[in-house]
Structures are given as C-alpha cells and as structure tokens.
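Novice: Sequence first, predicted coordinates after that:
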Amino acid sequence: MSERASVVRLRDAMSESGDDVQVASRSRSEKVEPHAAKMRTVGLRAFYGDVEVLKGIDLPIVDRQVTAVIGPSGCGKSTFVRSLNRLHEVVPGARISGQVLLDEQDVYARGVDPVRVRRRVGMLFQKPNPFPTLSIRDNVLAGVLLNGLAVADPDAVVEKALRQAALWDEVKDVLGRSGTSLSGGQQQRLCMARALALEPEVLLMDEPCSALDPIATARVEELIHELRQSYAIVVVTHNMQQAARVANLTAFFYMGELVEYDRTDVVFTRPKERRTEDYITGRFG
Amino acid sequence: MRERFGLRRFVDRVVRGACLLATVLALLPLVSVLAFVVVRGIGGLSVAFFTGLPKPVGEPGGGMAHAIVGSLEIVGLACLFGIPAGVLAGIHLAEFGGTRFGRFVRFSADVLSGVPSIVVGLFVYALVVARAQRFSAYAGALALAILMLPTITRSTEELLRLVPESLREAALGLGVPPWRATLRVMLRTALPGIATGVMLAVARAMGESAPLLFTALNNRGWARTPNEPTASLPVNIYTYATSPYTDWHQQAWAAALVLVTLVLCLSIVARVLVRRGAG
C-alpha cells in the first residue's frame, strides 16, 4: 500500500514542478515514436580487469530525446556512457564486448578510430573541467586548437557555441580570461560550449549537475531542454527529480543490468519492475 | 583559565620567535655568500673582463670572455642532450610508469641523483675522453647532461602526475588523440613547474666544476670548435683561486660574481617565458 502511495506522491511532486512538464510529457508520447535510434547498444558488456560492470545492455538512444540513466552508485551508469564514446577503454585494464551502434555502425568495429567516434559523441563530465591554460575563447575552440585544425571563422564558432550554452552574455567581454576564472556553473556551461563547438551528434552528460548549486543546476537543466531539439542526449543522474524534469525517456540500471527502460512518466508512475519501484520510492540506493 | 591563556600566549611567542630565528639563520649564509661575492668580485669587473682573454702571468688586466662563452656553450649543449631525454623519460614514467621497467627507471634516476658529480666526470672521461683521446666541450656537456637527467626526469614525472586526470579525459572526449592530449594538455598544464625543475637542474650544472675538470678541461684561449678543450667559469674559478697570484684571485672573485649573475638571469628569463606562454 505505502509503496503505491509514495509513487503517487512522487508523481504529484513531478506535476507541481511546473506546467511545462505536463506539456512536455504530453508531447513526449507523440514524439518518442517518430525519431529513430541514433545509437543502440547490443549485448554491451564492460569489464574492469575481471570485474564485469555491465552485464549485457540493450538500449537505444533515441535521436532528439533526452534519455536519463538512473540507478544506485556502482550500478554501471557512468561506465555505460563512457563506453558509448569509447572513453571506457582509456582506463588501464578496462575492456568491452558487445556492440555500440552509432547510425547502425559499430563504433567498436575493427578499423574504427576512437578519436573520430569521440568527435561525433560529445561528453560533459561530472566536475567542470575547463583547460586551465586556455582562455575562455580558446576553451571553446579547444577541440579545434588541440587537434591542430583550422576553422574559417573562429569568432563565429565561439559565439555560436557560447550562445547555445547560454553563456555568451556573461562572458562576451572577458573572453580572454582564463577558463578557470569562472564560477562552477559557468565552467560547466563552458564545457558544454566546448563540446557543442565540435557539432557532435550525441551529447553524453555524466552527472552534469552534481557539483553545482541549485541555481546553476536549473540553468544547465534549462539548457538540456533546449538542446534536445537538435541532439540525442544521455544524462546520467543520481537525482530522480532531475531525471523527471529533463528526460523523456528513462533507463533504470541496477548491478550492471538494465532493469527497465520506458517513457519517463511511465517509469516514475507505473514502473513494471519491483526493483525500479523500490529504487524510485527510496527503498534502496 | 586566565593563567593558561597567558601561558599559551607565551608559548606562541616563543615558538614564533624560534621560527623567525631559524629563518634568519637559514638566510644568513645565503645572503652573506651573495654579499661576499658581490663585494669581492665587483672590483674585478671591467669591460676587458667580458671581452678579453687572459694575459700571461705577471701582466695585469685580461679577461675571461672565453670562459663565459665556454660555460654557456657547454651548458647549452648539455641542455640540448639532457632536457629532451629527461622530459621524455619523465613523460614515460608519468604515463606508463606502473610497469617493472618504470620502477627500474625511477629507481635508477634516484640513485643517479645521488652519485657525486666527480664520478660522473670520471665516467665520461673513461667513456668519451679516453677513447677519443681528447678533451672537449662535447664531453663536458655530456657529463653535465647526465647530472641534469635525474632532476629533470623526476620533476617532470611528479608535475605531470599533479595535473588532474579529468583534463586528459576532457581532451579525449573532444576527439583529441591521446598523444596530443598528453602534449597539449597534460604537459602544457605542467609546464611552469617543469620549467622550474629544469632551471634548477641547469643552474646546478652551470656551477659544477668537478665533472668538467677531466672532460672539457680548460683553455687559455678560444676553443674554435666544441671538439677541443674548452674553458668554463667554474673551472677557471678553481684554477685562479688556487693560484699563488693576487690579481688572479681578484679575477676568480669576478668570475664567481658573473657565474652567480648568469644563473640568476637564466632563472628569471625562464620564469618570464613561462608566464608569458601561460597568458
């Protein structure tokens, strides 16, 4: 009984958080279907040494939707997103089996350059990590500069990316200052601009707000809302309210397995799995 | 309560006083050495000292232009040999140093940094000078490079390790190839610290006389190429200071002053360069 009651409470909390969630959730149901899967994992397993942290994940990442990945600590959420852009293998002893398809092409196939994959699949990390030796402007251009490439109009790229990241008005007069001179929330949006400047197709965010205060969090969430019009977005989060606020689709991970994947409103209000319900009602995790 | 507070204040003053005293004691030799060198050396400085060559014994005047240039030449060559090898070895240790080989390299570097400089000189003498049958600036530079290696390697490694791994991931996440991430992000971020470590090594090498004694030897005049005996400031200081002639003693002090000033200038230049690069 009480479980049902808390699910209802959570649903009420979700609807209290604003009408636009209601609107969003209505349009959601129409939107989910028409967009194809931008990425897809097939039997994805990930290991650190002998420890299997992902135990065969089949999950689509739908284009122009926000997919939230939730679950208790150590359930493999971060490993999952890191294996999408082949950042998992950077850790010594880490390896992968199974497939990760980007536009139906396996990014782990022989002959695929991980560097090219990472340019198409951008990433935002838990802690803002702008390059301390670069100015704000050069941080935005980092993907170009560090690769020794040239762009026709760098200033236009910088302005566009910073506008997309909703940071332009705050920094347009101090573009020469160090990227680390900004506040934490601004730094995170700078990192977002840095990723967007490469014009990726997919954006991965690994707990993008966990190091931010509530106001900065709200701004980043707003940003995610806007960005989903043009990107496939994956957000790993510990915060279930956040998942409910920003994501159309939610995947619940537990102990390296994908327990449930559905529309966010379904996962949060009518979960099919007992474990999902226990987690979102705060029974464990 | 009041009494204990008074006691605490007393102890606080005593400890503060002790710290201050210790600091002054530590600074005293440094300041007095510098002051001594300046006071004794300044009288020997003249235009001729920087432009001229030594005069025969008994004739007053003469300079050490060949030794100043020789020192810079030997140290310059040593940097050419030592800095690339040291920095690359440091990168190797920081990036892939977890292996048995890495531990071996680290241990060797630590041992090498404890080897007396004269032993290094002897080693180069046996390896290069004895075989080539000639003293040369190359041999001197090799000895100094070997002395610089451990400091450069270990400081490069330590400073690279201080750079947060999240910066590397940020770069990799932007589709930067790993080697570029190491060079353009990790090394670049650690650069000011590495430059300081290199400067320390260079400054130490600049002042070494022992390893040069039987590698570069000395020269009373100009060395036409680096492949012949070359004069250097430290060796000249040694030769002049142990000579029986008073005017040579004066020259030795002047040479010491020039050497100290050169080291100071080098570190200032390095700092300025690094700061400008970081801007």
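Specialist: Arrived safely.
Novice: so who does the residue of the stretch 101-250 of chain A found nearest chain B touch?
Specialist: Closest to chain B within the stretch 101-250 of chain A is A:R119: 3.3 Å, counting by CB to the nearest CB. In short, each C-beta sits where N, CA and C put it, glycine included. Counting by CB atoms under 8 Å, 6 or more residues apart in numbering or on different chains, A:R119 touches A:143, A:198, A:200, B:174-175.
Novice: So which of those residues is the closest to B:A22?
Specialist: Using CB to CB, B:L174 comes nearest to B:A22 of the contacts of A:R119, at 49.4 Å.
Novice: Run through the residues of chain B sitting next to chain A.
Specialist: B:98, B:164, B:166-178, B:180-181, B:184-185, B:188-189, B:191, B:278 (CB under 8 Å from any CB of the partner chain).
Novice: Now, of the residues you listed, which are buried?
Specialist: Applying a neighbour-count criterion of 16 or more other CB atoms under 10 Å in any protein chain shown, the buried members of the residues of chain B next to chain A are B:167-177, B:181, B:184-185, B:188-189, B:191.
Novice: how about the contacts of A:R119 in JSON lines, adding secondary structure, pLDDT and distance to A:L102?
Specialist: Below are these laid out as JSON lines (DSSP: H, G, I helix; E, B strand; the rest coil; pLDDT from 0 to 100; distance: CB to CB, whole Å):
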{"residue": "A:G143", "secondary structure": "helix", "pLDDT": "89", "distance to A:L102": "18"}
{"residue": "A:L198", "secondary structure": "coil", "pLDDT": "91", "distance to A:L102": "15"}
{"residue": "A:P200", "secondary structure": "coil", "pLDDT": "93", "distance to A:L102": "11"}
{"residue": "B:L174", "secondary structure": "coil", "pLDDT": "92", "distance to A:L102": "17"}
{"residue": "B:G175", "secondary structure": "coil", "pLDDT": "89", "distance to A:L102": "13"}
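Novice: where does the chain dip in pLDDT?
Specialist: By default, I'm working from chain A. Across chain A, the ranges flagged by pLDDT under 70 are A:1-34, A:284-285.
Novice: other chain: chain B
Specialist: B:1-3, B:276-279.
Novice: and the residue of it nearest chain A?
Specialist: Closest contact between chain B and chain A, by CB to the nearest CB, is at B:G175 (3.3 Å).
Novice: For that residue, give me its contacts.
Specialist: The neighbours of B:G175, taking CB under 8 Å, 6+ apart as the test, are A:115-120, A:143, A:147, A:198.
Novice: The helix or strand harbouring A:D155: which residues count as buried?
Specialist: Element membership of A:D155 [criterion: DSSP states H and E] is helix A:154-164. Going by neighbour count (16+ other CB under 10 Å), the buried part of helix A:154-164 is A:154, A:157-162, A:164.
Novice: in chain A, which spans are strands?
Specialist: A:37-48, A:51-62, A:66-70, A:94-102, A:105-106, A:121-124, A:202-206, A:232-236, A:249-254, A:257-263 (DSSP state E).
Novice: Which among the ones you listed is found nearest to chain B?
Specialist: Here strand A:121-124 is closest among the strands of chain A (CB to the nearest CB), at 3.9 Å.
Novice: Go ahead and name everything in contact with the closest one.
Specialist: Under CB under 8 Å, 6+ apart, the answer for strand A:121-124 is A:39, A:81, A:84-85, A:87, A:102, A:107, A:188, A:191-192, A:195-196, A:198, A:200-206, A:208, B:173-174.
Novice: Which residues of the stretch 151-285 of chain A lie near chain B?
Specialist: Checking the stretch 151-285 of chain A against chain B by CB under 8 Å from any CB, the hits are A:191, A:194-195, A:198.
Novice: In which helix or strand does B:A85 reside?
Specialist: Taking DSSP H and E as the definition, B:A85 sits inside helix B:65-96.
Novice: Report the buried residues of that helix.
Specialist: Of all the residues in helix B:65-96, those buried under the rule 16+ other CB under 10 Å are B:65-71, B:73-75, B:77-79, B:81-83, B:85-87, B:89-95.
Novice: can you give me how far that helix is from the chain middle?
Specialist: Distance of helix B:65-96 from the chain centroid (CA atoms, centre = their mean, to the nearest Å) equals 10 Å.
Novice: distance between the ends of stretch A:127-143?
Specialist: End-to-end distance for stretch A:127-143: 18 Å, by CA to CA, to the nearest Å.
Novice: How about stretch B:111-118?
Specialist: Stretch B:111-118 stretches 15 Å from its first residue to its last (CA to CA).
Novice: Over to stretch B:184-191?
Specialist: Using CA to CA, the end-to-end distance of stretch B:184-191 comes to 10 Å.
Novice: Touching that stretch from outside, list them.
Specialist: Contacts with stretch B:184-191, where a contact means CB under 8 Å, 6+ apart, come from A:131-133, A:146, B:91, B:94, B:156, B:159-160, B:162-163, B:167-168, B:170-171, B:176, B:194, B:274, B:277-278.
Novice: Mind checking which of those residues land in strands?
Specialist: Checked against DSSP E, those include nothing in strands.
Novice: on that earlier part again, would JSON lines of the residues of the stretch 151-285 of chain A next to chain B with neighbour count be doable?
Specialist: Output for those, formatted as JSON lines (neighbours: other CB atoms under 10 Å in any protein chain shown):
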{"residue": "A:C191", "neighbour count": "29"}
{"residue": "A:R194", "neighbour count": "29"}
{"residue": "A:A195", "neighbour count": "28"}
{"residue": "A:L198", "neighbour count": "21"}
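Novice: As CSV, those with distance to A:R137 would be great.
Specialist: Converted to CSV, these look like this (distance: CB to CB, whole Å):
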residue, distance to A:R137
A:C191, 14
A:R194, 11
A:A195, 16
A:L198, 15
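Novice: and of these, the nearest to B:I146?
Specialist: Closest approach to B:I146 among these (CB to CB): A:R194, at 42.9 Å.
Novice: ok, back up a step: pick out whichever of the contacts of A:R119 sits closest to A:G111.
Specialist: Nearest member of the contacts of A:R119 to A:G111, counting by CB to CB, is B:G175, at 16.9 Å.
Novice: quick one: buried residues of the next helix or strand after the helix holding B:A85?
Specialist: As assigned by DSSP H and E, the chain's next helix or strand after helix B:65-96 is helix B:100-113. Neighbour-count burial for helix B:100-113, counted by 16+ other CB under 10 Å, picks out B:102, B:105-106, B:109, B:112.
Novice: Which neighbouring elements make contact with helix B:100-113?
Specialist: Counting contacts by 3 or more CB pairs under 8 Å, 6 or more residues apart in numbering or on different chains; DSSP states H and E, helix B:100-113 packs against helix B:65-96, helix B:137-162.
Novice: Can you check what angle separates the shortest one from helix B:100-113?
Specialist: So the one you mean is helix B:137-162. Going by axes from the mean of the first three to the mean of the last three CA atoms, to 10 degrees, helix B:137-162 is angled at 120 degrees with respect to helix B:100-113.
Novice: Point out the other helices and strands that the top helix by length along chain B packs with.
Specialist: The single longest helix within chain B, with elements called by DSSP state H, is helix B:2-42. On a contact count with 3+ CB pairs under 8 Å, 6+ apart, helix B:2-42 meets helix B:246-278.
Novice: Can you mark which positions in the helix it packs on are buried?
Specialist: Buried, per 16+ other CB under 10 Å, within helix B:246-278: B:247-260, B:262-263, B:266-267, B:270, B:274.
Novice: circling back to that earlier point, return the subset of the contacts of B:G175 lying in helices.
Specialist: Residues of those located in helices (DSSP H): A:115-120, A:143.
Novice: which parts of the stretch 1-150 of chain A sit against chain B?
Specialist: Close to chain B, as judged by CB under 8 Å from any CB, the stretch 1-150 of chain A has residues A:85, A:87, A:90, A:92, A:115-120, A:122-123, A:125, A:127, A:129-133, A:142-143, A:146-148.
Novice: residue contacts, residue 90?
Specialist: Since no chain was named, I'll use chain A. B:168-169, B:172, B:178.
Novice: um, chain B though
Specialist: B:152-157, B:160, B:194.
Novice: What is the nearest of these to A:R274?
Specialist: Comparing those against A:R274 with CB to CB places B:L160 closest, at 48.9 Å.
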